[in-house]
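Enquirer: Quick one: sequence plus predicted model below, questions after.
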Amino acid sequence: MNYKMMGRFIAQILSIEGLFMVPALLIGLFQGESGAVQGFVWTLLLTAAAAGALFLLCRNAPSAFYAKEGLVCVGVSWVVLSLVGCLPFYISREIPSYIDAFFEIVSGFTTTGSSILADVESLSRSILYWRSFSHWLGGMGVLVFLLAFTGEKGKGFTMHLLRAESPGPSVGKLVPKMRKTASILYLLYIALTVADVIFLLLGDMPLFDAVCTAFGTAGTGGFGIKNDSIAGYSPYLQNVTTVFMALFGINFSCYYLLLLGQVRSVFKDEELRLYLGIIFGAVVLIVLNLRGFYGTLEETVRHAAFTVSSIMTTTGFATTDFDLWPAFSKAIIMLLMIVGACAGSTGGGLKVARLLLLLKSLRRNISQVLKPRKVQLVRNNGTVVDEKILDNANAYLAAYVVILFVSYLIISLDNFSVGTNFTAVLACFNNIGPGLEAVGPTCNFSGYSTLSKLVLCFDMLAGRLEIFPMLVLFSRSTWRRT
Amino acid sequence: MNIIIAGDGKVGSTLTRLLSAEGHDITLIDTNMRVLEASQERYDIMAVHGNCAAMDVLLQAGVKDAELLIAATNADEVNLLCCTTAHGINPKLHTIARIRNPEYNSQIYKLRNIFGLSMPINPERQAASEIERLLKFPGFLRRDVFAKGRTEIVELRIDAKSKLLGTQLMDLPGIVKCRVLICAVLRGGQALVPNSGSFTFREGDRVFVTAPTKDLTTLLKSLGIITRRVRSCLLCGGGRVCIYLATALEKSGISVTVVEKDYGRCQQLSELLLDSTIIHGNAGDMDLLESEGLAKFDAVVTLTGEEELNMIVSLYANSVGVPQVITKLGHISNLGIIDTLNLGSVVCPKDLVANNIVRYVRAMQNQTGAAVSVHSIADGQVEAMEFHVDETTKGCGIPLKNLKPKANVLIASITHGSVTEIPNGDSVFHAGDIVVVVTTGRGSIRQLNDIFV
């Protein structure tokens, strides 16, 4: 294990985190929020000290860096990122418990959006900004940012980092150079976020609200800055958010192909078609199920579309308390929670691409039961999918189910209802935010014990990093000296 | 004509036999001394030992004076390099290269000028398109096309249930509701040209019928051969022919099942063929074929690399009543014994290609009146040739009954513009027409005027 190299990565990540805290600090100074300013200043000093020390300790790191190091590095980085990121909350005393602060920032970085706060509006502006910004940074990934904008020389090992941090069954580069690939992803991300802000501003949303909402939408996070999430904004703003949530749930390489003018290949993409198909189908079914629930059809469609887009992309904003909806609609919402967004997007969940592979390989296996000697390959967009990728998808599903149920078992110790516990795990593991019943859109996670919160934090990180980077941290062979 | 043949393999030796029989000067190049010696003993040719893609070897083979180079070694790349090099030395040279790899398919045709290639040939692809044509008209064992697709010579087998069994030639017009002409009958390995009305069809005869393409359906219907469109097809063996064929069949909506014994090859097939069912198993395993529902297929094509296996599977498929069976044979197609077996249609890639090249050679020689295409039918004992009639042709405008053709020559069809006529004594041909002539005298007819005494 190349600890020195990892140390350097972590030092760089701490520097980036510190850099991104500066705007929040400036907002605090501008607004005269002394508690928050104190929190940020102390955190920055601590971060600078830690990063400096790590840089000194890990000066001449050997360059041997392989898949195992990549996975571990991603896992450790995210834990460190969260441990430091929650300090402003804690030091400013705005979230008095360190565990709660940790839960909140993990929820932020993993773009989950689950909160332990009952009254969000009581937070100071700089803290609110930092909370929302954590979504934006976590959405595309902080290591990808590192690859895109720092001088880390492009060696082969950077692929391990991208693969470990980017969601999806098969991660590839867009262009030969890793640095350029990461920059393209981030530039697309920034451009779409700016577009979202502009559309929100056109609907007369205040600038601060627009920026924070856009951060939450872009990272498919879901931290609102209002107690009622998005419900208080105008229908136009809700619809803009619906569309942008859905856009951020699409694989970013689709946008790159669009920029290259390959429109046809984008619209022939099986994953995109299935993704849009599921959204459309779910909206139609829920609208039919909700007849008479709201006053007008417009309202029904708006709430149904917003909720489906929000849950499917694992954002977790809410315009209405869907916990009050009929059981069929809630069942659809629960299924959407598991499906998640497209691979290579900022969304979480099982991913549409993986679902597609699992269904195709299931169909193949069924037909092989009937004809045992039939040789059949699984195809995606016309090209053959390697058996290894199918195996990985199946293994992922197994790990997914195991973690889901173990977590469910542990948090059931807190004696909430079955629905609450199950959807709490689903909501955290799939990086959505709100669940149903006692963790529904109008409630929060503050009632859970410290143990449950830690389990849910693990679930959120595991969900965001696609399980394996977190699992290897708990494997003995990872830390054993060879 | 000076012709260089590079590669003395299946196609090379067939070409050597055909082209040296036509009187051309053949130079053979091969890296295997033994094969060259064998060829030199059998044919009147020159042999050069060496790598045909090397300039020295080509110069030694006389590439500067040659008019045609045929590269038919077993490596596509060598064939291409050979043609490119030879064309570089002698820009007037015509070159033919055998390219078999399906991956090179599209570029070879598009970039043939860059490679200095006059014509690419692909035995497997030709075999596949031949089989596809046969599958379109189940009931014919073979189809040969003339006059730009307007006239065909088709092969029928007289079996126990045939309407023609026991009938005489003069009764034919009463049974067949269109004008056709029986140009040859293969009986017991011997080709006959029936010329008396009392000729009687026997069981096991293979009959070669000339008919306009548009009348083929009528011909089949009136003979009681039900032409049900082939909807499902079993291909045994997943070689190159299989890929070409399965791709073509998939396009025309036929459901294809392929049986292949090599697992890796199965995976490749499954990668290339989107809609086909690929079964991993030995085509010789009758239990496997039964479990795939052999008897329910509309057609079975045996394409494995083992001749014997192809024959056995075809015999078996015929015995369980598969309506159409096609057998691919690589080496042993010209043995008289084949037609005593019930193999269905027999397709031989090397013969198809050799015929194609002989046609090209004749077209190159196309001085006035030379045949534009030549097809060997009836196990190579009969030649069907296509000629363009022009002003120098003797007998223009004279009814056929007044002409005196050689005894072993038959005028099988006359195509005026877009209309094909099956001739009788009163028919005439004019300049601009296309005439198909059938003869049992191999190589004796070069020009249309040769048919007259």
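Expert: Received it, and whenever you're ready, just let me know what you need.
Enquirer: same question for stretch B:107-126, mean pLDDT?
Expert: On average, the pLDDT along stretch B:107-126 is 87.
Enquirer: which residues are in contact with that stretch?
Expert: Stretch B:107-126 has contacts (C-beta atoms under 8 Å, 6 or more residues apart in numbering or on different chains) with B:11, B:80, B:83-84, B:86-88, B:94-100, B:102, B:105, B:239-241, B:244, B:349-350, B:352-353, B:356-357, B:360. No exception for glycine: its C-beta is placed from N, CA and C like everyone else's.
Enquirer: Narrow those residues to those in helices?
Expert: Judged by DSSP state H, helices contain the following of those: B:11, B:80, B:83-84, B:86-88, B:105, B:240-241, B:244, B:349-350, B:352-353, B:356-357, B:360.
Enquirer: Please pick the buried ones from those residues.
Expert: B:11, B:80, B:83-84, B:86-87, B:240-241, B:244, B:349-350, B:352-353, B:356-357, B:360 (16 or more other C-beta atoms under 10 Å in any protein chain shown).
Enquirer: any idea which of those is closest to chain A?
Expert: B:Arg240 (17.9 Å; C-beta to the nearest C-beta).
Enquirer: how close does that closest one sit to B:Pro123?
Expert: B:Arg240 is 9 Å from B:Pro123, where distance means C-beta to C-beta, to the nearest Å.
Enquirer: Which residue is it, in the stretch 151-300 of chain A, that comes closest to chain B?
Expert: A:Glu270 (14.0 Å).
Enquirer: Can you report phi and psi for that residue?
Expert: Backbone torsions of A:Glu270, given as degrees, to the nearest 10, read phi -60, psi -40.
Enquirer: Could you list the low-pLDDT ranges of the chain?
Expert: As the question left the chain open, I've gone with chain A. A:150-158, A:482 (pLDDT under 70).
Enquirer: That was the other one, I meant chain B.
Expert: B:226-227, B:332-337, B:339, B:366-369, B:442-443.
Enquirer: For it, what lies in contact range of chain A?
Expert: B:263, B:266-267, B:269-271, B:274, B:277-281, B:288, B:292 (C-beta under 8 Å from any C-beta of the partner chain).
Enquirer: Which residues of chain A lie near chain B?
Expert: Neighbours of chain B within chain A, by C-beta under 8 Å from any C-beta: A:Lys371, A:Arg373, A:Lys374, A:Val375, A:Gln376, A:Leu377, A:Arg379, A:Val384.
Enquirer: and which of these is nearest chain B?
Expert: A:Val375 (3.8 Å).
Enquirer: picking up where we left off before, list the ones among the residues of chain A next to chain B that fall in strands.
Expert: Of the residues of chain A next to chain B, the ones assigned to strands by DSSP state E are A:Lys374, A:Val375, A:Arg379, A:Val384.
Enquirer: Neighbour-wise, give me the winner out of those.
Expert: Neighbour counts for those (other C-beta atoms under 10 Å in any protein chain shown) peak at A:Val375, which has 22 neighbours.
Enquirer: On the strand side of things, show who that residue bridges to.
Expert: Beta-bridge partners for A:Val375, by DSSP bridges, are B:Ile278.
Enquirer: Validate this expectation: B:Val48 resides in a strand.
Expert: Yes - applying DSSP: H, G, I helix; E, B strand; the rest coil, one finds B:Val48 inside a strand.
Enquirer: show me what contacts B:Ser222?
Expert: B:Ile175, B:Val176, B:Lys177, B:Cys178.
Enquirer: Relative to B:Leu164, how far out is it?
Expert: Distance from B:Ser222 to B:Leu164, by C-beta to C-beta: 10 Å.
Enquirer: Overlap of the contact sets of the two?
Expert: Both B:Ser222 and B:Leu164 are contacted by B:Ile175, under the criterion C-beta under 8 Å, 6+ apart.
Enquirer: B:Gly188: how many residues sit nearby?
Expert: Count around B:Gly188 with other C-beta under 10 Å applied: 11.
Enquirer: can you give me phi and psi for it?
Expert: Per-residue torsions, B:Gly188: phi 60, psi 40 (degrees, to the nearest 10).
Enquirer: Return the distance of it relative to chain A.
Expert: 42 Å (C-beta to the nearest C-beta, to the nearest Å).
Enquirer: returning to that earlier point: which pair in the residues of chain B next to chain A spans the largest distance?
Expert: Across the residues of chain B next to chain A, the longest distance by C-beta to C-beta is 23.3 Å; it joins B:Leu274 and B:Leu288.
Enquirer: residue in the stretch 201-350 of chain B nearest to chain A?
Expert: B:Cys266 (3.8 Å).
Enquirer: That residue contacts B:Leu272, correct?
Expert: No - here B:Cys266 lies out of contact with B:Leu272, judged by C-beta atoms under 8 Å, at a distance of 11.0 Å.
Enquirer: neighbour-wise, which of those two wins?
Expert: It is B:Cys266, of B:Cys266 and B:Leu272, that has more neighbours when counted by other C-beta under 10 Å, with 23 against 17.
Enquirer: Pull out the buried positions in whichever strand or helix holds that one.
Expert: If you go by DSSP states H and E, B:Cys266 is part of helix B:263-272. Residues of helix B:263-272 classed as buried by neighbour count (16+ other C-beta under 10 Å): B:Arg265, B:Cys266, B:Gln267, B:Gln268, B:Leu269, B:Ser270, B:Leu272.
Enquirer: now do stretch B:203-221
Expert: Buried residues in stretch B:203-221 (16+ other C-beta under 10 Å): B:204-213, B:215-216, B:219-220.
Enquirer: Pull up the distance across that stretch, start to finish.
Expert: 20 Å (C-alpha to C-alpha, to the nearest Å).
Enquirer: For burial, what's the neighbour tally of residue 71?
Expert: No chain was given, so I picked chain A. Neighbours of A:Leu71 using other C-beta under 10 Å come to 24.
Enquirer: actually chain B
Expert: B:Ala71 has 30 nearby residues by other C-beta under 10 Å.
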